[in-house]
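Participant: generate a structure from the sequence data that follows.
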Amino acid sequence: MSDLPNAGFPQQDHEHDPTGGQNPEIVEIADLSKRGYQYLKENRMVDAETCFAKIIERDGENNYALVGLGDAARKRGSFRDAVDYYKKCLVYHPGNNYALFGLADCYKALNQYQKAIEIWEQYLLHDNKNITVLTRVADAYRKVRDFRKSKAIYLRVLEMEGDNPYALIGLGHLHYDFKEYKDALMYWQKMVEMQGDSVDIRVLTSIGNCYRKLKQFEQGVPHFEKALEKEPNNFYALFGLADCYRGIGQQEKSLNYWNRIIEQDPRNKVILTRAGDAYRHLGDFKRASEYYERALNIEFDVYAVLGMAVIARLQGKHEDAIQSLRRLIQNDPKNYRLAIELSECYLASGDKQRALEALVEYQRLGIRNVYIQDMIARIQK
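Facilitator: Prediction:
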């Protein structure tokens with residue numbers, strides 16, 4: 001959802017002949033420039049670059065041509081080439097707004113957020129009320145996890161324009177990134193209030209994800225369902241619904257959505273493992289094992305092996321499960337779920353002392369875990 005359209009960026013104005021028709025060569029350069037930018041709008045990159053290159057042959061410092069070549073490279077995804085053109089323009093024309101915009105946007109695309117911030121803030125020295133730039137800076141501060149600066153700038157945008165969607169969406173992401181899910185919900189729900197049925201599908205899945213994180217699974221379901229109405233094969237909506245039904249304990253419904261994802265992506269080992277878990281909870285160990293094995297045939301997956309160990313325990317194959325879990329713990333000693341399942345295996349085999357030792361061994365790592373502590377208390381009682 002963070003990759004929003006570049007609405008609000010200023011566009012270079014080529015509607016009027018800046019020469020007054022006095023010099024034929026300058027008139028021709030202006031015409032090439034005008035056509036080049038028209039080609040850019042039409043996504044005819046080769047034609048646009050041809051026009052701008054002809055200008056550069058005659059005037060190597062022409063700001064319109066250098067920015068135009070930068071824009072064409074940026075649209076093609078050649079961000080490093082674009083950076084070179086924008087920088088060259090700024091050498092000859094320091095402070096050129098169009099070059100600054102393009103350069104900052106390239107740094108953002110290259111994940112060089114600190115450089116992008118520096119460029120945008122350079123622009124804001126001359127125009128501190130440009131909402132597009134302000135939201136870009138807030139987005140960049142969010143990416144570098146500077147909560148305070150990011151929030152302050154988003155709120156400044158909302159003071160200027162109370163229903164600005166970029167600021168509302170950005171604030172939602174900011175709070176979500178810092179696990180403040182209730183605050184994230186407040187901003188994203190405002191988007192739904194403003195836009196109703198036309199709201200972006202990513203807002204709906206983001207709201208659903210907040211409810212998932214808050215473990216309020218039933219409230220997440222309708223938002224993912226609305227997202228699926230808009231886009232029936234949307235991965236995030238299918239995943240969200242499957243996970244919500246898993247959280248509610250309705251494994252059969254969750255399987256419907258896990259399997260719909262697998263139809264689209266049969267080699268997704270994470271989803272295969274989730275589906276295996278659902279079959280295991282339903283007592284269909286044969287089908288569960290098939291899904292776990294499919295996942296493991298793609299790549300090693302600790303949770304697929306864990307699922308197989310749980311099945312072994314439930315089938316009374318305690319020693320097989322214990323040996324498998326011991327191997328997993330050697331490679332992933334901090335995974336509390338492995339320690340708990342190993343303890344369950346010892347309990348199932350009647351060895352209460354070793355069940356307790358498996359949990360104490362985990363605690364020696366210096367990690368406090370409420371699930372480990374609860375199980376120790378249960379065994380001791």
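Participant: just for the stretch 1-150 of the chain, where's the confidence low?
Facilitator: 1-22 (pLDDT under 70).
Participant: what does the pLDDT read for Asp332?
Facilitator: On pLDDT, Asp332 comes in at 95.
Participant: contacting residues for it?
Facilitator: Asp332 makes contacts with 302, 338, as judged by C-beta atoms under 8 Å, 6 or more residues apart in numbering. (C-beta placed from N, C-alpha, C; glycine too.)
Participant: now it: phi and psi?
Facilitator: phi -140, psi 70 (degrees, to the nearest 10).
Participant: now do the one 10 residues further on
Facilitator: Main-chain dihedrals, Leu342, degrees, to the nearest 10: phi -60, psi -40.
Participant: how close does it get to Arg327?
Facilitator: Between Leu342 and Arg327 the computed distance is 11 Å (C-beta to C-beta, to the nearest Å).
Participant: for these two, indicate the residue with more neighbours.
Facilitator: Leu342 (26 against 13; other C-beta atoms under 10 Å).
Participant: was I right to think that one contacts Ser324?
Facilitator: No. With contact defined as C-beta atoms under 8 Å, Leu342 does not reach Ser324; the gap is 9.5 Å.
Participant: ok, the nearest residue in space to Ile271 that is not next to it in sequence to Gln330 distance?
Facilitator: Leaving aside its sequence neighbours, Ile271 sits nearest to Ile261 (C-beta to C-beta, 6 or more residues apart in numbering; 4.9 Å). To Gln330, Ile261 is 32 Å away according to C-beta to C-beta.
Participant: can you check Leu66 too?
Facilitator: Leu66 is 59 Å from Gln330, where distance means C-beta to C-beta.
Participant: more crowded one of those two?
Facilitator: Ranked by neighbour count (other C-beta under 10 Å), Leu66 and Gln330 place Leu66 first, with 29 against 9.
Participant: what's the pLDDT at the closest residue in space to Ile248 that isn't next to it in sequence?
Facilitator: Spatial nearest neighbour of Ile248, excluding adjacent residues (C-beta to C-beta, 6+ apart): Phe217 at 5.0 Å. We have a pLDDT of 98 for Phe217.
Participant: give me the neighbour count for Phe217.
Facilitator: The number of residues near Phe217, taken as other C-beta under 10 Å, comes to 20.
Participant: repeat that for the one 10 residues further on.
Facilitator: Look at Ala227: counted by other C-beta under 10 Å, it has 26 neighbours.
Participant: same question, the one 10 residues further on
Facilitator: Neighbour count for Ala237, taken as other C-beta under 10 Å: 24.
Participant: helix or strand: which one has it?
Facilitator: Ala237 belongs to helix 235-248 when assigned by DSSP states H and E.
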